[in-house]
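In: With the input below, show me the fold.
(one chain, ligands or ions: 2)
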Amino acid sequence: MRRISIFGATGSVGQNTVSIVKRNPSAFDVHAVTGALNIELLAQTAKDINAKIAVTSESNLLNHLKERLKGTGISAKSGRHSMLEVAANPVDVSMSAVVGFAGLELSLEMAKHGQTLALANKESLVCGGALLRETCDRAGTKLFPVDSEHSAIFQALNGEKLSDVERIILTASGGPFLHSSLAEMSDATPKQAADHPNWSMGKRISIDSASMFNKAMEVIETKELFNIPSDKIEVIIHPQSIVHSMVGYKDGAIIAQMGPADMCGAIGYALYWPNRTDAGVERLDFATLSNLEFSAVDNSRFPAISIAHSAMKQGGIAGAVFNAAKEQSLDLFLENKIKFLDMADMVAKTVQATAAFGNCEASSMDKISKADKWSRDFVLNLVEMSK
Ligand code: NAD
Ligand code: MG
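Out: Ligands and ions are numbered 1, 2, ... in the order given. Prediction:
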């Protein structure tokens, strides 16, 4: 039996994780589940999988949560401090599936105290990759990617030598605007941008997929997770989302990992490693699969990946600046204050301005938080100045 805590349990990855726990309840002893605003779902989830503790990040919702958990024996907690406190409770597996920068500090705490960190929160690696890896190494914590592409790479690297890797090929669906013109993209609404053709995910990552900022984040995530130089990482459009990513070796061989577009595959792999389990993923039927297509990324319509490359070239806190500028401009887009294509423009200008910091290392939570704040303020200033 594995003792598990699920951070971001009410979200898309969180609920998929819960579904895997429910398939085989005797395999898991659930310590804690966390959420934010959706108290009904948080309380229901805690009851469904017999969690000991439920935590909402929102302090003003504690009474609501307590009321929903009355008579169950499940302890209700709230606020950032409680989330950090619970992240420090030792478990066998911690699932880090909070969305955004808020996830980094939690992942670091989980890394210090968990045996295995199942990492969905890609922001943790983009903003503090080296710090997170060091923290895991120091504590002897195993770090498993839950992003489908990185789980695919992890699986394709099984038993191989990193020194034999020639390139990593990340696949990208291309999102809802793969065939849209720049004019159409310019007028895109948040609702259109969140309408992903293949994957069912949270709203923020879905819009990041439409702008390809999600793939740009994943390029940085790959570099940080596998310690691979950025010039060995390629991105290819693959609209069917069947090949989840590939590793190319120095003899020309390519090892690809395939499956339906269902996050339960990557989550189940991280939760059950070194074993495999049936996580309820449909089986591919090759006889009825039509064609698998691959094409190059159009950098003029999707500049996000080249912006990520300039952040990686700068190194240090540039990843945190990149992520914060992306998060801040996404907020502005969701509030209808900027247009879809403005997001890339804002992030590019902010990353370019990072050079003013010099060579600042992302070596502590404090330094990373300062860079995050500076970047958000920079984007807000850009918008003010453009008025
Ligand atoms: P989501 O928006 O569906 O869920 C986010 C979760 O985080 C919810 O439980 C929410 O209550 C919680 N949360 C939000 N803000 C919080 C805060 N400030 N403090 C504490 N908790 C907070 O997001 P998601 O799509 O499940 O994505 C979660 C993470 O996994 C993201 O980093 C995303 O990039 C990554 N990811 C998601 C998918 C996917 O299929 N959805 C795939 C790969 C990677
Ligand atoms: Mg992904």
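
In: who's in contact with the helix or strand hosting Arg138?
Out: Using DSSP states H and E, Arg138 maps to helix 122-139. With contacts defined as Cβ atoms under 8 Å, 6 or more residues apart in numbering, helix 122-139 is touched by 96, 99-101, 103-104, 107-108, 111-113, 117, 119, 141-143, 147, 217-218, 220-221, 223-225, 227, 319-320, 322-324, 361-365, 368, 372. C-beta coordinates here come from the backbone N, C-alpha and C atoms, glycine included.

In: could you pull out the helices for the stretch 51-200 of the chain?
Out: Shown for the stretch 51-200 of the chain, the helices assigned by DSSP state H, counting those that start in this stretch span residues 62-69, 80-87, 102-113, 122-139, 148-156, 182-186, 190-193.

In: Report the angle between the longest one and helix 148-156.
Out: Regarding helix 122-139 and helix 148-156, their directions subtend 40 degrees when assessed with axes from the mean of the first three to the mean of the last three Cα atoms, to 10 degrees.

In: Which residues belonging to helix 122-139 are considered buried?
Out: By neighbour count on 16 or more other Cβ atoms under 10 Å, the buried set for helix 122-139 is 122-133, 135-136.

In: just checking: which of those residues also lie near ligand 1?
Out: Among the buried residues of helix 122-139, the ones lying near ligand 1 by Cβ under 6 Å from any ligand atom are 122-123.

In: for stretch 291-307, what is the average pLDDT?
Out: The average pLDDT within stretch 291-307 is 96.

In: cool, and stretch 136-154?
Out: 97.

In: is any part of it close to ligand 2?
Out: Yes. Against ligand 2, stretch 136-154 shows contacts by Cβ under 5 Å from the ion at 147-149.

In: residues near the closest residue to His64 other than its chain neighbours, how many?
Out: In this structure, His64 finds its nearest non-sequential neighbour in Ile39, 4.8 Å apart by Cβ to Cβ, 6 or more residues apart in numbering. Under the neighbour criterion other Cβ atoms under 10 Å, Ile39 is assigned a count of 24.

In: Any of the contacts of helix 122-139 buried? List them.
Out: Taking 16+ other Cβ under 10 Å as the criterion, what is buried in the contacts of helix 122-139 is 96, 99-101, 103-104, 107-108, 111-113, 117, 119, 141, 143, 147, 217-218, 220-221, 223-225, 319-320, 322-324, 362, 368, 372.

In: And the strands in the protein?
Out: Under the criterion DSSP state E, the chain carries strands at the ranges 2-7, 28-35, 53-56, 75-78, 93-96, 116-119, 142-145, 165-172, 233-237, 243-249, 254-258.

In: Quick one: those strands as CSV, columns for distance to Leu332 too.
Out: Below are the strands of the chain laid out as CSV (distance: least, Cβ to Cβ, whole Å):
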stretch, distance to Leu332
strand 2-7, 27
strand 28-35, 25
strand 53-56, 26
strand 75-78, 29
strand 93-96, 26
strand 116-119, 27
strand 142-145, 30
strand 165-172, 24
strand 233-237, 26
strand 243-249, 31
strand 254-258, 36
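
In: and stretch 58-70, C-alpha only, in PDB?
Out: Provided in PDB are the C-alpha atoms of stretch 58-70 (Å, rounded to 0.1, in the frame of the first residue of the first chain):
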ATOM      1  CA  GLU A  58      -8.400  29.800   0.600                       C
ATOM      2  CA  SER A  59      -8.500  30.800   4.300                       C
ATOM      3  CA  ASN A  60     -11.900  32.300   4.000                       C
ATOM      4  CA  LEU A  61     -13.400  29.000   2.900                       C
ATOM      5  CA  LEU A  62     -12.400  27.000   6.000                       C
ATOM      6  CA  ASN A  63     -15.800  27.000   7.600                       C
ATOM      7  CA  HIS A  64     -17.400  25.900   4.400                       C
ATOM      8  CA  LEU A  65     -15.000  23.000   4.200                       C
ATOM      9  CA  LYS A  66     -15.500  22.100   7.900                       C
ATOM     10  CA  GLU A  67     -19.200  22.000   7.400                       C
ATOM     11  CA  ARG A  68     -18.900  19.700   4.400                       C
ATOM     12  CA  LEU A  69     -16.700  17.300   6.300                       C
ATOM     13  CA  LYS A  70     -18.700  17.300   9.500                       C
END
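
In: ok, back up a step: with distance to Ala355 added, can I get the residues of stretch 136-154 next to ligand 2 in JSON lines?
Out: Below are the residues of stretch 136-154 next to ligand 2 laid out as JSON lines (distance: Cβ to Cβ, whole Å):
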{"residue": "Asp147", "distance to Ala355": "29"}
{"residue": "Ser148", "distance to Ala355": "33"}
{"residue": "Glu149", "distance to Ala355": "29"}
